[in-house]
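K.L.:
Mind looking at a prediction? Sequence and model below.
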Amino acid sequence: MRGVTDDVPLDDAPLLDELMPWSVAPLRLGRSWIVAPDVRTLRARWSRLVAAEGAEREELFRPSRARTPSSSVAALPGQRTGTVRFARESGPCPEPVRLAHGPFDVQWLLPDHRLIDTARPELWRVADERQLFVVEQGHVPGAAGPPLLVTAALPAGRSPAGRPGRIRPLFRRPGGEEPNVTPGLLPVLSERYGRQVTAPEVLAWAVAAARPSPAGCRIPLTADADVWVTGVELGRRLMEIQLRGAHGGERPRLPGGRRPYVRAPLPARPTTLSYEPAEETLSLSEDEGAPGESMGRISPVPVEAWDFHVGGVRMLEQWFAHRTAPAAPGSLDAIGPAAWPQEWTSELLELITVLALLAERDRERAALMAGGPLLPRAALREAGVLPPPDAARRPASVLDHQEEGPEGQFALL
């Protein structure tokens, strides 16, 4: 391949949109009560809703322009949920599914199309045990944090500040079939590096090498085979940390036995989160002056974990706020655990570990492309890789079975 140079500016590096061309806009849930950090809460909310009738059910439902209890909607692909109008629903709660509700915050979702304003069925059709989703964060000038995040759970696709990103599945079909990589890229890279390059390697490289820009994430491609191998290994490690054991990977652990522990029991209903850097201690406390006020403590919490931001938002604070923010009395959002569940403590300890491990790799990620020769976009155009064909930007046809439409009819697709 001609056109290799040492001085390719960042704005000449290809966009992720050119290398993984099929992308989907974020989900638009429409109502917050269909997402919760635990399954019991969702089942309790469902039971409360189906027990209500008439105007009370309508009020609890929180209608929108896209969804009301009278909306006629098809079932989501792969989900066994009712398709009668929700105003007549009286059945059991559907089985909740995992949802990457935001960076590093996997919660649970009621997978009922009648409850979701815009569910993006094309994502549900390709979501399986082999799929990975890369979420491109909305650009925030000067913001720290990784521009790309990877999850095995279906992602909502919005940044911590609510900016829409793009969701890119690694595969266009179920079962790990048809990589979402622009046609011709894998052979060109394989020839350049003298080894077989796969779609998962391209994703790993992108996670390690991505650079944010106003036009979207740019992915500088090295011309050096050894640098490619180094970057892919770094990207795999970053992905393994983010995936937290999904797809057969290892659960994240800090080296040297520096595991965060609960040093003082957490209160039943914490409302405040604070950090003491000198002692590397995270404190969760109840309202000041509340009866039985108490404070739980977790340490050691590396300062890098506390200071970890994405899109200008501190991740530990947002995770805590998603579980403790007050809700309107009488609403379905107000239904939740009576006390802080033990499983949330375990999730918090793991989140601290994840953030600390990712922060440790920041220097490696920043140094990956320092001073090495790059492949400019022009070289990929010359090789016929860019621009990607229009068909690569559209979802593949993946239907091998009937999908249920509204009121039990077959969906016409």
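P.N.:
Everything's here; your move.
K.L.:
low pLDDT regions in the stretch 101-250 of the chain?
P.N.:
161-162 (pLDDT under 70).
K.L.:
quick one: the helices in it?
P.N.:
121-126, 185-193, 199-209, 225-243 (DSSP state H, counting those that start in this stretch).
K.L.:
In a markdown table, list those helices along with mean neighbour count.
P.N.:
From N, CA and C alone the C-beta is placed, and that goes for glycine too. Shown next, in a markdown table, are these (neighbours: other CB atoms under 10 Å):
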| stretch | mean neighbour count |
| --- | --- |
| helix 121-126 | 21 |
| helix 185-193 | 18 |
| helix 199-209 | 23 |
| helix 225-243 | 20 |
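K.L.:
And Gly330, how close does it get to Arg48?
P.N.:
Distance, Gly330 to Arg48, using CB to CB, to the nearest Å: 10 Å.
K.L.:
In JSON lines, list the helices of the stretch 101-250 of the chain along with distance to Glu177.
P.N.:
Below are those laid out as JSON lines (distance: least, CB to CB, whole Å):
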{"stretch": "helix 121-126", "distance to Glu177": "9"}
{"stretch": "helix 185-193", "distance to Glu177": "15"}
{"stretch": "helix 199-209", "distance to Glu177": "11"}
{"stretch": "helix 225-243", "distance to Glu177": "20"}
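K.L.:
Which among these is found nearest to Pro260?
P.N.:
helix 225-243 (15.1 Å; CB to CB).
K.L.:
If you count contacts, what does the next helix or strand after that closest one end up packed against?
P.N.:
Using DSSP states H and E, the next helix or strand after helix 225-243 towards the C-terminus is strand 261-264. Judged by 3 or more CB pairs under 8 Å, 6 or more residues apart in numbering; DSSP states H and E, strand 261-264 is in contact with strand 295-299, helix 342-360.
K.L.:
JSON lines for those, including distance to Leu76?
P.N.:
Converted to JSON lines, the helices and strands packed on strand 261-264 look like this (distance: least, CB to CB, whole Å):
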{"stretch": "strand 295-299", "distance to Leu76": "38"}
{"stretch": "helix 342-360", "distance to Leu76": "26"}
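K.L.:
Turn those into JSON lines, columns for mean pLDDT, distance to Tyr261 and mean neighbour count.
P.N.:
Formatted as JSON lines, the helices and strands packed on strand 261-264 follow (pLDDT from 0 to 100; distance: least, CB to CB, whole Å; neighbours: other CB atoms under 10 Å):
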{"stretch": "strand 295-299", "mean pLDDT": "96", "distance to Tyr261": "7", "mean neighbour count": "18"}
{"stretch": "helix 342-360", "mean pLDDT": "97", "distance to Tyr261": "8", "mean neighbour count": "19"}
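K.L.:
and of these, who's closest to Asp390?
P.N.:
Of all the helices and strands packed on strand 261-264, helix 342-360 sits nearest to Asp390, with 35.9 Å by CB to CB.
K.L.:
After the closest one, which helix or strand is next?
P.N.:
As assigned by DSSP H and E, the chain's next helix or strand after helix 342-360 is helix 362-367.
K.L.:
buried set for that following helix?
P.N.:
Arg365 (16 or more other CB atoms under 10 Å).
K.L.:
Which SSE is immediately downstream of it?
P.N.:
Helices and strands here follow DSSP H and E; after helix 362-367, the next one along the chain is strand 374-375.
K.L.:
what's that next one packed up against?
P.N.:
strand 221-222.
K.L.:
which residues touch the strand it packs on?
P.N.:
Strand 221-222 has contacts (CB atoms under 8 Å, 6 or more residues apart in numbering) with 13-14, 189, 205, 209, 228, 231, 369, 372-375, 380.
K.L.:
can these go into a markdown table with extra columns for distance to Gln107?
P.N.:
Below are the contacts of strand 221-222 laid out as a markdown table (distance: CB to CB, whole Å):
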| residue | distance to Gln107 |
| --- | --- |
| Ala13 | 34 |
| Pro14 | 34 |
| Leu189 | 36 |
| Trp205 | 29 |
| Ala209 | 30 |
| Trp228 | 36 |
| Gly231 | 32 |
| Met369 | 35 |
| Gly372 | 40 |
| Pro373 | 43 |
| Leu374 | 39 |
| Leu375 | 39 |
| Leu380 | 39 |
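K.L.:
Tell me the one among the residues you listed nearest to Met315.
P.N.:
For the contacts of strand 221-222, the closest approach to Met315 (CB to CB) belongs to Ala209, at 22.0 Å.
K.L.:
for that closest one, what are its contacts?
P.N.:
Neighbour list for Ala209: 219-222, 231, 235, 365, 368-369 [criterion: CB under 8 Å, 6+ apart].
K.L.:
And the furthest pair within these?
P.N.:
Farthest apart among those by CB to CB are Leu221 and Arg365. That separation is 15.5 Å.
K.L.:
just checking, what packs against whichever strand or helix holds Ala378?
P.N.:
For Ala378, the host element (DSSP H and E) is helix 377-382. Using 3+ CB pairs under 8 Å, 6+ apart, no helix or strand is in contact with helix 377-382.
K.L.:
that older thread, quick check on Gly330 and Arg48: which one has the bigger neighbour count.
P.N.:
Arg48 (16 against 10; other CB atoms under 10 Å).
K.L.:
Cool, thanks, talk later.
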